[in-house]
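Fold the following, please.
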Amino acid sequence: MKSFLIYRLLTLSVLCCCLNTQACSQPKTLTILHTNDLHAGFIPHEAGWIRTDPKPMVGGFQELWWIVDSLRSASEHSLLLDAGDVMTGTPLSEIDYKGATGGALFEMMNMIGYDAWTIGNHDLDISQDNLRKLTQIAGFATLSANLTDTLGNFILNNRDYVIVTKGGLRIGIIGFITRDLFHVTNTNNLKGLKVLSPSDIVQQIIDKIDSETDLIVAVTHEGVEDDSILAVHSRGLDVIIGGHSHTRLKTPKVVSDVIICQTGSNCENVGELKLVVEDDSVTSFDGKLHTLWYRGNRPENEISKLVQTFENKITEEYGDTLGRILEDWKRSGTGESNIGHFIADAIREGAGSQMAVTNSSGIRKDLSAGPIRKLDLFEISPFRNYLSTFTLSGKEVREFAQRYVEQLAKGRSSIQISGLQGTWTRKNGGSEIQHLTIADEEVVDDKMYVCATSDFVINQGDRYLGMIPDSVAYSQKTIFEALVDKARKEKTIQADTDNRFVEIK
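All right, here's what the predicted structure looks like:
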């Protein structure tokens with residue numbers, strides 16, 4: 001009898017422990033739905049990676065609403081997260097709504113039912129004040145633990161983390177923006193801000209919230225490579241929902257036991273990550289992407305009217321056909337491209353300069369041969385970047401060209417050029433300019449030349465020009481407007497690559 005009582009007491013003791021600690025907790029499930037780099041892609045667009053003609057349509061917030069709703073219905077408990085760069089891509093990010101430029105995007109995200117997002121670099125393309133207005137429209141948490149003012153205060157309505165509970169599961173969500181923010185955003189929009197490396201501060205936040213959470217998720221806008229570094233430098237981090245690099249991870253990547261996810265870009269996919277969590281750890285997971293193929297036969301939903309209103313507005317303003325291109329426009333991140341030549345030529349002609357330079361990363365989409373609309377040109381160059389001119393001596397032009405061919409030799413050129421032509425050769429493990437001309441005349445070292453570019457390239461002069469130009473003249477004309485002018489003027493565009501810098505072998 002005595003031994004039986006002891007057994008009963010021990011059983012009750014263990015039961016009490018299980019009720020009051022995590023030690024005997026039952027497995028809990030959670031589905032994380034996620035997007036990144038939406039880039040104002042609220043309406044369907046051609047699936048550029050498909051080779052058929054016509055190409056199928058993909059994306060848009062109506063299709064996103066339907067797929068998210070379906071996946072939520074199939075899950076007992078779910079979260080919807082976004083990893084930044086909601087802005088910049090279509091004209092909707094330039095339309096005022098409720099006092100904020102691009103505000104309709106966040107109203108639509110409210111309708112879809114987001115729980116939290118992290119700030120991306122392009123969400124600061126307009127201004128800090130506009131971002132604050134956007135976050136006021138957002139009915140969900142704005143996160144960015146490493147983005148503060150110079151005193152360490154959060155001034156963009158952002159916070160470092162939020163803890164939410166789903167089905168008894170306590171989830172800590174931390175936000176981070178790329179540490180390279182000042183190299184990928186016009187620094188005129190970043191005055192008074194400071195960015196810390198996520199890897200330097202992630203552990204102190206994890207340690208702070210670990211006892212209050214069962215699962216810790218980082219929502220990051222820094223790219224897959226930096227996400228992998230973050231995973232290595234953290235203990236207790238379970239999941240990274242990433243963005244910035246536009247990487248399409250069909251299945252999650254695992255680094256140091258951290259599950260890393262990313263969906264690509266432009267509202268083409270939504271990610272689904274199913275988790276089983278037990279005793280403060282992820283015991284199993286399954287991740288996949290759902291491509292948002294446009295069906296065209298969906299019933300109307302609560303977001304349809306708002307989407308249609310702005311689609312009609314944009315069609316009215318940007319739907320004009322300006323001309324035709326005779327060949328596909330294709331971007332290049334390693335050298336010259338026909339679309340890059342057209343843009344650089346438009347900048348040179350729009351500014352009335354002798355040469356022009358533009359950054360390849362600012363060219364946001366390819367375009368198939370055929371009609372070219374005003375909307376296409378906006379989507380190719382969706383930024384508020386303005387024509388800017390400065391002067392260079394012939395010696396400086398030669399130094400610039402030498403730097404350019406060194407990049408070409410390594411297969412990593414980041415710029416497109418107009419008005420300047422040359423030949424070069426590889427020599428003694430390096431590269432050397434053989435011949436250099438502007439307007440078919442040899443570049444003269446002590447002669448001055450006018451060069452045009454965008455205010456963004458001026459702002460990032462060290463990166464793109466190898467210098468910070470003096471005495472810059474800024475125009476009120478945008479790159480987009482220069483593209484429209486050139487397309488209207490030419491109407492039929494022979495978009496071939498004319499080898500402006502030729503390697504002599």
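
Which residue ranges of the stretch 301-450 of the chain form helices?
For the stretch 301-450 of the chain, the helices defined by DSSP state H, counting those that start in this stretch occupy 304-318, 338-351, 374-380, 394-409.

Turn the ones you listed into JSON lines, including distance to residue 501 and mean neighbour count.
Where you see a C-beta, it was placed from the backbone N, CA and C, and this is true even at glycine. Below are these laid out as JSON lines (distance: least, CB to CB, whole Å; neighbours: other CB atoms under 10 Å):
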{"stretch": "helix 304-318", "distance to residue 501": "34", "mean neighbour count": "15"}
{"stretch": "helix 338-351", "distance to residue 501": "11", "mean neighbour count": "24"}
{"stretch": "helix 374-380", "distance to residue 501": "23", "mean neighbour count": "21"}
{"stretch": "helix 394-409", "distance to residue 501": "6", "mean neighbour count": "18"}
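
The ones you listed: which one's closest to residue 485?
helix 338-351 (6.3 Å; CB to CB).

helices or strands next to the closest one in the packing?
In this structure, helix 338-351 packs against strand 355-359, strand 386-393, strand 415-418, strand 448-454, helix 479-490, with contacts taken as 3 or more CB pairs under 8 Å, 6 or more residues apart in numbering; DSSP states H and E.

rerun that using 10 Å as the cut-off
On a contact count with 3 or more CB pairs under 10 Å, 6 or more residues apart in numbering; DSSP states H and E, helix 338-351 meets strand 321-325, strand 355-359, helix 374-380, strand 386-393, strand 415-418, strand 448-454, strand 473-478, helix 479-490.

any low-confidence regions in the chain?
1-25 (pLDDT under 70).

Give me the domain ranges for it.
25-311, 322-503 (automatic domain parsing).

sorry, back to before: let me have the helices of the stretch 301-450 of the chain in TSV, adding distance to residue 280 as columns.
As requested, the helices of the stretch 301-450 of the chain are exported to TSV (distance: least, CB to CB, whole Å):
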stretch	distance to residue 280
helix 304-318	41
helix 338-351	51
helix 374-380	45
helix 394-409	48
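
So which of those is nearest residue 223?
Proximity to residue 223 (CB to CB) singles out helix 394-409 among those, at 20.9 Å.

Now the closest residue to residue 288 other than its chain neighbours: which helix or strand?
Of all residues not flanking residue 288 in the chain, residue 272 sits nearest, at 5.6 Å (CB to CB, 6 or more residues apart in numbering). Secondary structure from DSSP states H and E places residue 272 in strand 269-278.

tell me which residues in that strand are buried?
269-275, 277 (16 or more other CB atoms under 10 Å).

Extract the CA atoms of the helix or strand following that strand and return them as PDB.
Next in sequence after strand 269-278, counting helices and strands by DSSP H and E, comes strand 281-291. Provided in PDB are the C-alpha atoms of strand 281-291 (Å, rounded to 0.1, in the frame of the first residue of the first chain):
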ATOM      1  CA  SER A 281      12.500  23.200 -31.300                       C
ATOM      2  CA  VAL A 282      11.400  22.600 -34.800                       C
ATOM      3  CA  THR A 283      11.100  18.800 -35.100                       C
ATOM      4  CA  SER A 284       9.900  18.600 -38.700                       C
ATOM      5  CA  PHE A 285       9.200  21.000 -41.600                       C
ATOM      6  CA  ASP A 286       8.000  21.000 -45.200                       C
ATOM      7  CA  GLY A 287       8.400  24.000 -47.500                       C
ATOM      8  CA  LYS A 288       7.300  24.800 -51.000                       C
ATOM      9  CA  LEU A 289       6.400  27.600 -53.400                       C
ATOM     10  CA  HIS A 290       3.000  28.100 -55.000                       C
ATOM     11  CA  THR A 291       3.200  30.000 -58.300                       C
END
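
Quick check: phi and psi on residue 215?
phi -150, psi 140 (degrees, to the nearest 10).

what's the spacing between the closest residue to it other than its chain neighbours and residue 212?
Of all residues not flanking residue 215 in the chain, residue 171 sits nearest, at 4.8 Å (CB to CB, 6+ apart). Distance, residue 171 to residue 212, using CB to CB, to the nearest Å: 10 Å.

Look at these two and report which has more neighbours.
Neighbours per residue (other CB atoms under 10 Å) separate residue 171 from residue 212, with residue 171 holding more: 24 against 9.

any idea which helix or strand carries that one?
Secondary-structure element containing residue 171, defined by DSSP H and E: strand 169-177.

and that strand with strand 269-278, angle?
With axes from the mean of the first three to the mean of the last three CA atoms, to 10 degrees as the basis, strand 169-177 and strand 269-278 are set at 140 degrees to each other.

from the middle of its chain, how far away would the one helix or strand residue 34 maps to be?
Assessed by DSSP H and E, residue 34 sits inside strand 28-35. Mean-position distance between strand 28-35 and its chain equals 22 Å (CA atoms, centre = their mean, to the nearest Å).
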